[in-house]
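Enquirer: Here is a sequence together with a model predicted from it:
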Amino acid sequence: MYMIQKIDKISQVLKNDVIMWRRHFHRHPELSNQEKETSLRIQKILKSFNISFRKAAETGIVAEIKGKSRKIIGLRADMDALPVKEETGLDFASENQGIMHACGHDAHMAIALGVMAVFSKLQDLPFSLRCIFQPAEESVPCGAPRMIKEGVLEEMRYLIGFHVWVGLETGSFSVIKGPVMASADRFSILIRGKGGHGASPHKTIDPIVAASHFITQLQTIVSRKSDPQNPLVVSVGRVSGGDAFNVIPEQVEILGTVRTFDHKQNVLAERNIRKLLKGIEAGFGVKTHIDYEGFVPVTYNDPGLAEKVASILSSSFGNRSVITDEKPIMGSEDFSFYSKVIPCCYIKIGCGKSEYFHHSNKFTIDERCLDTGVRAISKILWGIGSLPS
């Protein structure tokens, strides 16, 4: 109990600093794999607390506070922003045109730095704490596999990940067992026909009409091929083809994604997408080509670790503040790569309800979640780090 009170006390002292750090990151966002100034800022803050660190994956940072044992507990925060033009009207809005922290990674870095600052003030830790500041969560290929390849999980016992979450009241948390976020596949399809004048469609093989039929039929994979009790999403995100109103183009490109919690569903979706394309070829006389890849696995919470995390949060913030029966979402996260290697727990930290969700150009947070996040994550790390080996 003494240590929990000390964490609260130190967090209170750091409260304004954490807000300041978040606002700086928000004002100076950088895209995936371009987080150079962000990385330098993180390094500067770590140095101010005499926290040792090393670089990884070019712009990533791995910070570590050594304790009395080599049992290592980990924390991960993502660093990159999105190619979004900000329209929040904030006093500290993005100064980098067309780039915005529209998903809360500015808050994640600030909270993680606050946590490291808290632990830098604690004496005789019974474990070592390692914080992964990871680049390129939003890009493909994403940053987690590179960080893993560079040894960030070596000797690590547990890893905690988190996301500030619109839709949850500030001061509340979501911690669920098992799948938290879906796997994500992506596909790129070319439908090639024979171009010509829009006034003479009979002299062409129209890839736009073929693509339209394919996209319509694509929806039957979920509605007629898949078990409705086993979640599956198949969505088209981009269709491009043609340059003029009166010209039938040579080809159409279709980009899309498949989301699920069950690998059998991924296989089902890919197999049926390919079957539909064969049918489109036969029916319309077009040629098709598909590139299909799975790039992010399911984000999975170790059940025992998730139960312990929920217990820690409940004891500190009250049972009503912790949601344990929330359904997993079909969004994806490259934290999933870590959860395939060691026991992990990924939690949501409420940052206030808003009509503007993540990735919106008007997305913002209730900054009270920053102090809540620092205290919550610090207590989680202390609690699981103090468990008997």
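Expert: Looks like it came in fine.
Enquirer: Quick check: phi and psi on the closest residue to F295 other than its chain neighbours?
Expert: Once flanking residues are discounted, F295 sits nearest to V140: 5.5 Å by Cβ to Cβ, 6 or more residues apart in numbering. For glycine as for every other residue, the C-beta is placed from the backbone atoms N, C-alpha and C. Comment: the main-chain dihedrals of V140 come out as phi -130, psi 120, following degrees, to the nearest 10.
Enquirer: surely V140 meets R186?
Expert: Yes - with contact defined as Cβ atoms under 8 Å, V140 and R186 form a contacting pair (7.2 Å).
Enquirer: Need the overlap of contacts for the two.
Expert: Counting by Cβ atoms under 8 Å, 6 or more residues apart in numbering, the residues touching both V140 and R186 are F295.
Enquirer: ok, those two, which is more surrounded?
Expert: Between V140 and R186, counted using other Cβ atoms under 10 Å, R186 has the larger neighbour count: 16 against 12.
Enquirer: in which helix or strand would I find F214?
Expert: When secondary structure is defined by DSSP states H and E, F214 falls within helix 207-218.
Enquirer: Tell me which helix or strand comes right after that helix.
Expert: Along the chain past helix 207-218, the next helix or strand (assigned with DSSP H and E) turns out to be helix 220.
Enquirer: what does that following helix rub up against?
Expert: Helix 220 is contacted by no other residue when judged by Cβ under 8 Å, 6+ apart.
Enquirer: what's the offset of it from the middle of its chain?
Expert: Between the mean C-alpha point of helix 220 and the mean C-alpha point of its chain there is a distance of 29 Å (Cα atoms, centre = their mean, to the nearest Å).
Enquirer: now do stretch 298-315
Expert: Counting by Cα atoms, centre = their mean, stretch 298-315 is centred 18 Å from the centre of its parent chain.
Enquirer: List the buried residues for that stretch?
Expert: By neighbour count, with 16 or more other Cβ atoms under 10 Å as the criterion, the buried positions of stretch 298-315 are 298-302, 305-306, 308-314.
Enquirer: Could I get the CA-only coordinates of it as PDB?
Expert: Listed in PDB are the C-alpha atoms of stretch 298-315, where the atom choice follows Å, rounded to 0.1, in the frame of the first residue of the first chain:
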ATOM      1  CA  VAL A 298      -4.800 -11.300 -33.700                       C
ATOM      2  CA  THR A 299      -4.000  -9.200 -30.600                       C
ATOM      3  CA  TYR A 300      -4.300 -11.600 -27.700                       C
ATOM      4  CA  ASN A 301      -4.500 -11.000 -24.000                       C
ATOM      5  CA  ASP A 302      -3.000 -13.800 -21.800                       C
ATOM      6  CA  PRO A 303      -6.000 -14.800 -19.600                       C
ATOM      7  CA  GLY A 304      -4.100 -15.000 -16.400                       C
ATOM      8  CA  LEU A 305      -2.300 -11.700 -16.900                       C
ATOM      9  CA  ALA A 306      -5.500 -10.000 -17.900                       C
ATOM     10  CA  GLU A 307      -7.200 -11.200 -14.800                       C
ATOM     11  CA  LYS A 308      -4.300  -9.800 -12.600                       C
ATOM     12  CA  VAL A 309      -4.400  -6.500 -14.400                       C
ATOM     13  CA  ALA A 310      -8.100  -6.100 -14.000                       C
ATOM     14  CA  SER A 311      -7.700  -6.900 -10.300                       C
ATOM     15  CA  ILE A 312      -5.000  -4.300  -9.800                       C
ATOM     16  CA  LEU A 313      -7.100  -1.600 -11.600                       C
ATOM     17  CA  SER A 314     -10.300  -2.600  -9.600                       C
ATOM     18  CA  SER A 315      -8.500  -2.300  -6.300                       C
END
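Enquirer: Run through who's touching it.
Expert: Taking Cβ under 8 Å, 6+ apart as the rule, stretch 298-315 contacts 158, 160, 173, 175-183, 261, 321-322, 324, 332-333, 335-336, 339-340, 343-347, 376, 379-380, 383-384, 387.
Enquirer: which residues touch A112?
Expert: L75, R76, A77, C131, F133, I377.
Enquirer: For it, give me the pLDDT.
Expert: A112 is assigned a pLDDT of 98 by the prediction.
Enquirer: which residues of the stretch 1-150 of the chain fall in strands?
Expert: Taking DSSP state E, counting those that start in this stretch as the criterion, the stretch 1-150 of the chain contains strands spanning 52-56, 60-65, 72-78, 128-134.
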